[in-house]
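In: Next one to model:
(one chain, ligands or ions: 2)
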Amino acid sequence: MEEAGEVQHAAPPLPSPSRSSPHSQGSEAGERYSRKVFVGGLPPDIDEDEITASFRRFGPLVVDWPHKAESKSYFPPKGYAFLLFQDESSVQQLIDACIQDEDKLYLCVSSPTIKDKPVQIRPWRLSDADFVLDASMPLDPRKTVFVGGVPRPLKAIELAMIMDRLYGGVCYAGIDTDPELKYPKGAGRVAFSNQQSYIAAISARFVQLQHGDIDKRVEVKPYVLDDQMCDECQGQRCGGKFAPFFCANVTCLQYYCEHCWATIHSRPGREFHKPLVKEGADRPRTLPFRWC
Ligand SMILES: [Zn+2]
Ligand SMILES: [Zn+2]
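Out: Numbers count the residues shown, from 1 in each chain. Ligands and ions are numbered 1, 2, ... in the order given. Now for the predicted structure:
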């Protein structure tokens with residue numbers, strides 16, 4: 001099944017990364033936004049039904065917020081919520097109805113006690129999930145880092161710029177989105193054009209992401225793939241299976257089968273190395289373009 005997805009991506013000849021519709025797969029023509037929209041600064045006494053009623057004129061929707069099911073609360077506890085529209089066209093209509101102030105969008109919403117409070121509407125533009133800084137460079141998964149805990153409104157271009165300023169050599173940045181709503185999941189990946197920048201980034205382990213209102217320390221790790229052969233034996237000692245382990249220590253930075261992991265890490269000074277575990281299994285398998 002994974003194969004099928006990759007074949008689809010590999011089919012068009014892509015000698016180098018291209019910005020051409022990385023999201024075209026499975027999306028309707030003209031779709032520009034995620035169907036999930038953030039709403040912030042809601043009146044404290046507005047409940048789920050009132051939020052739904054406030055946005056119903058744009059089309060069918062469901063209102064959600066973190067831990068909504070467990071909390072049994074009728075009110076979003078932190079004054080923000082997510083609108084999950086059935087149709088993407090509803091999001092475009094909502095945006096058209098908003099008032100723009102600098103780069104922020106607002107819409108007036110009423111609760112039982114507060115009339116016409118401007119609330120912030122933050123849609124997610126699909127094209128903000130990928131950014132190619134240097135299209136001449138092939139994307140090397142071995143020079144790609146995983147960035148965990150990325151604040152939701154951060155765009156790929158912003159992640160690319162921050163990482164390039166810190167480590168140089170960024171050729172691509174991507175924000176991981178969920179396949180259903182195509183909304184950011186809070187993680188991203190950055191590909192570097194050279195080994196020095198890659199090692200500098202993973203050696204730092206944490207990076208301070210600063211951009212506009214955002215200032216957050218996030219984790220940086222090597223991006224671990226599940227379809228790599230053991231770098232020591234090329235699969236000879238493990239029946240040609242993909243390597244289950246990756247050693248992120250800069251003295252190794254290799255994929256190993258179980259046999260080779262044990263051999264290499266019995267050497268003095270390497271006993272303390274720990275295999276890096278791949279990030280959540282639901283990570284998107286198909287990448288926006290073919291890796292080199
Ligand atoms: Zn091996
Ligand atoms: Zn190691």
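
In: contacting residues around residue 202?
Out: Taking C-beta atoms under 8 Å, 6 or more residues apart in numbering, we find residue 202 in contact with 145, 220, 221, 222, 248, 250. In short, each C-beta sits where N, CA and C put it, glycine included.

In: The nearest residue in space to residue 68 that is not next to it in sequence: how many residues sit nearby?
Out: Sequence neighbours aside, residue 76 is the residue nearest to residue 68 in space, at 7.8 Å (criterion: C-beta to C-beta, 6 or more residues apart in numbering). Neighbours of residue 76 under the rule other C-beta atoms under 10 Å: 23.

In: tell me the pLDDT at residue 76?
Out: Turning to residue 76, the model gives it a pLDDT of 88.

In: Please tell me I have it right and it contacts residue 42.
Out: Yes - counting by C-beta atoms under 8 Å, residue 76 does reach residue 42; the two are 6.2 Å apart.

In: Which residues are in contact with each of the two?
Out: Joint contacts of residue 76 and residue 42 (C-beta under 8 Å, 6+ apart) are residue 51.

In: what secondary structure does the closest residue in space to residue 155 that isn't next to it in sequence sit in?
Out: Nearest residue to residue 155 in three dimensions, chain neighbours excluded: residue 128, at 4.0 Å (C-beta to C-beta, 6+ apart). When classified by DSSP: H, G, I helix; E, B strand; the rest coil, residue 128 comes out as helix.

In: who's in contact with residue 128?
Out: Neighbours of residue 128 in contact, by C-beta under 8 Å, 6+ apart: 155, 156, 157, 175.

In: Between those, which sits nearest ligand 1?
Out: residue 175 (33.8 Å; C-beta to the ion).

In: which secondary structure elements does the helix or strand that the closest one is a member of contact?
Out: Element membership for residue 175, per DSSP states H and E: strand 170-177. Contacts defined by 3 or more C-beta pairs under 8 Å, 6 or more residues apart in numbering; DSSP states H and E place strand 170-177 against strand 130-132, helix 156-167, strand 184-192.

In: Please render these as CSV that adds mean pLDDT, mean neighbour count and distance to ligand 1 to the earlier fields.
Out: What follows is these, written out as CSV (pLDDT from 0 to 100; neighbours: other C-beta atoms under 10 Å; distance: least, C-beta to the ion, whole Å):
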stretch, mean pLDDT, mean neighbour count, distance to ligand 1
strand 130-132, 95, 22, 34
helix 156-167, 95, 20, 30
strand 184-192, 95, 24, 26
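
In: Nearest approach to residue 141 belongs to which of those?
Out: Nearest to residue 141 among these is strand 184-192 (7.7 Å), distances taken as C-beta to C-beta.

In: angle of the helix or strand following that closest one against helix 156-167?
Out: Later in the chain than strand 184-192, the nearest helix or strand by DSSP H and E is helix 195-204. With axes from the mean of the first three to the mean of the last three C-alpha atoms, to 10 degrees applied, the angle from helix 195-204 to helix 156-167 works out at 90 degrees.

In: quick one: buried residues of the next helix or strand after helix 195-204?
Out: Going down the chain from helix 195-204, the next helix or strand is strand 206-211, by DSSP H and E. For strand 206-211, the neighbour count (16 or more other C-beta atoms under 10 Å) marks 207, 209 as buried.

In: Can I get strand 206-211 as CSV, trimmed to CA atoms?
Out: C-alpha atoms of strand 206-211 as CSV (Å, rounded to 0.1, in the frame of the first residue of the first chain):
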residue,chain,number,x,y,z
PHE,A,206,16.5,22.0,20.2
VAL,A,207,15.8,25.1,18.3
GLN,A,208,14.2,28.4,19.3
LEU,A,209,11.5,29.1,16.7
GLN,A,210,10.9,32.9,16.7
HIS,A,211,8.6,34.5,14.3
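
In: Nothing else from me, thank you.
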